[in-house]
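K.L.:
Turn this into a model:
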Amino acid sequence: MIKLDKPVWRYIALLFLATYLVQIFVILNGGEEYNLFSIFIGLSMFFPGLGAIYYLIKTKQGLKYIDWKIGNPIYALLSLTLPAIITLAGIFLFEQIGLGTNYAYVLSDGTVDQIDIPLLFGSDTQSFPFFILNFVLTGIGFSLITSLLTIGEEVGWRGFLQKELLKQNSVLKSLVFLGLLWGFWHLPIILDGFNYPEYPVLGGLLIFPLTTVFISFFIGWLTINSKSVWQAVFAHGGVNSVMIFLFEMDFGEQKLIANFGILGLWMLVGTLSYRLISKNTVISKG
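P.N.:
This is a model prediction of the structure:
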């Protein structure tokens, strides 16, 4: 059983209610075809943070409860660069095993050309090592831009709720529960075809929430060890923006297998992250 104070359970319930109402409204107005889809969904991304801020002010704990300091700069760097590195590793792995075809670039004899994505230092033909550096630095830029939106979620998820969970529960229970909450928070629009249009029920009820559990381990490692909400904001921004290059590979009829492959990739990253948390951190009695 997950232990939380009753007011925190109310925070979770109201957060889901408000977000589901917005998602259902958008779905009833055409889903992704609705011309205000991005605006409404973008605004709902701020609900976890706004709810947490309201809770902290109402309970007189104050905004200092959130770990606003940048923390260890090493973790800041990791949060900005690892999503891009994980993405490139996934693209390379899936191509090598014949699971999908990447149309973002062509790698041949150590040279990268036909680059079809905007990169910070240009998209002309370049060596593979320089391309990796170019991609990762561009990923940092994407992460910082997308962080303008993910701060709305992460102030609530990792800045507030993760800390509340860790007060009364083990690290494992806390991060699994938070990952499931995060995943099922998106449920209505995923069932409507967002993210997994070919199999929305399987995606919404299984693949996506399992993926967010393991991403929760990854972001939990960054935030717990750095004691900073910003690592969650940056990492979440990178996952949302850079990972799209992995999802947009041409998997053909192997799309379902590929999505389980992406889940498997995050299982590896998340398991390693959890081991690093367990090795370096003692937080809870649960």
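
K.L.:
show me where the stretch 51-200 of the chain has helices.
P.N.:
73-96, 128-156, 162-168, 171-184, 187-191, 200-202 (DSSP state H, counting those that start in this stretch).

K.L.:
Of these, which is nearest L265?
P.N.:
Nearest to L265 among the helices of the stretch 51-200 of the chain is helix 73-96 (5.1 Å), distances taken as CB to CB. Bear in mind the C-beta positions are built from the backbone N, C-alpha and C, glycine included.

K.L.:
now that closest one, how far from the chain's geometric center?
P.N.:
13 Å (CA atoms, centre = their mean, to the nearest Å).

K.L.:
Can you name every helix or strand that it contacts?
P.N.:
Under the contact criterion of 3 or more CB pairs under 8 Å, 6 or more residues apart in numbering; DSSP states H and E, helix 73-96 touches helix 128-156, helix 208-226, helix 230-242, helix 244-247, helix 255-280.

K.L.:
Only the buried residues of that helix, if you could.
P.N.:
75-76, 78-88, 90-91, 94 (16 or more other CB atoms under 10 Å).

K.L.:
need the contact list for the residue most central in space within the chain.
P.N.:
Closest residue to the average C-alpha location of the chain: H236 at 4.1 Å, with CA atoms, centre = their mean. Going by CB atoms under 8 Å, 6 or more residues apart in numbering, H236 touches 146-147, 150, 153-154, 219.

K.L.:
how about the buried residues of helix 73-96, which pair is most distant?
P.N.:
A76 and F94 (28.9 Å).

K.L.:
Low-confidence regions, this structure specifically.
P.N.:
280-286 (pLDDT under 70).

K.L.:
most distant residue from the middle of it?
P.N.:
The chain, CA atoms, centre = their mean, max distance from centroid: D109 (33.4 Å).

K.L.:
what comes up buried for stretch 41-56?
P.N.:
Applying 16+ other CB under 10 Å to stretch 41-56 flags 41, 44-49, 51-53, 55-56 as buried.

K.L.:
got the CA positions of that stretch in PDB?
P.N.:
Extracted C-alpha coordinates of stretch 41-56, given in PDB (Å, rounded to 0.1, in the frame of the first residue of the first chain):
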ATOM      1  CA  ILE A  41      -3.000  20.200 -23.800                       C
ATOM      2  CA  GLY A  42      -0.100  22.600 -23.200                       C
ATOM      3  CA  LEU A  43      -2.000  24.400 -20.500                       C
ATOM      4  CA  SER A  44      -3.000  21.200 -18.800                       C
ATOM      5  CA  MET A  45       0.800  20.400 -18.500                       C
ATOM      6  CA  PHE A  46       0.900  23.100 -15.900                       C
ATOM      7  CA  PHE A  47      -1.800  21.600 -13.700                       C
ATOM      8  CA  PRO A  48       0.600  19.400 -11.500                       C
ATOM      9  CA  GLY A  49       2.800  22.400 -10.700                       C
ATOM     10  CA  LEU A  50       0.000  24.900 -10.100                       C
ATOM     11  CA  GLY A  51      -1.800  22.300  -7.900                       C
ATOM     12  CA  ALA A  52       1.400  21.700  -5.900                       C
ATOM     13  CA  ILE A  53       2.000  25.500  -5.500                       C
ATOM     14  CA  TYR A  54      -1.600  26.000  -4.300                       C
ATOM     15  CA  TYR A  55      -1.200  23.000  -1.800                       C
ATOM     16  CA  LEU A  56       2.100  24.300  -0.400                       C
END
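
K.L.:
among the helices and strands packed on helix 73-96, which is the most enclosed?
P.N.:
Compared across those, helix 230-242 shows the largest average neighbour count, a mean of 26 (mean count of other CB atoms under 10 Å).

K.L.:
out of the helices of the stretch 51-200 of the chain, nearest to L120?
P.N.:
Nearest to L120, of all the helices of the stretch 51-200 of the chain, is helix 128-156, at 4.4 Å by CB to CB.
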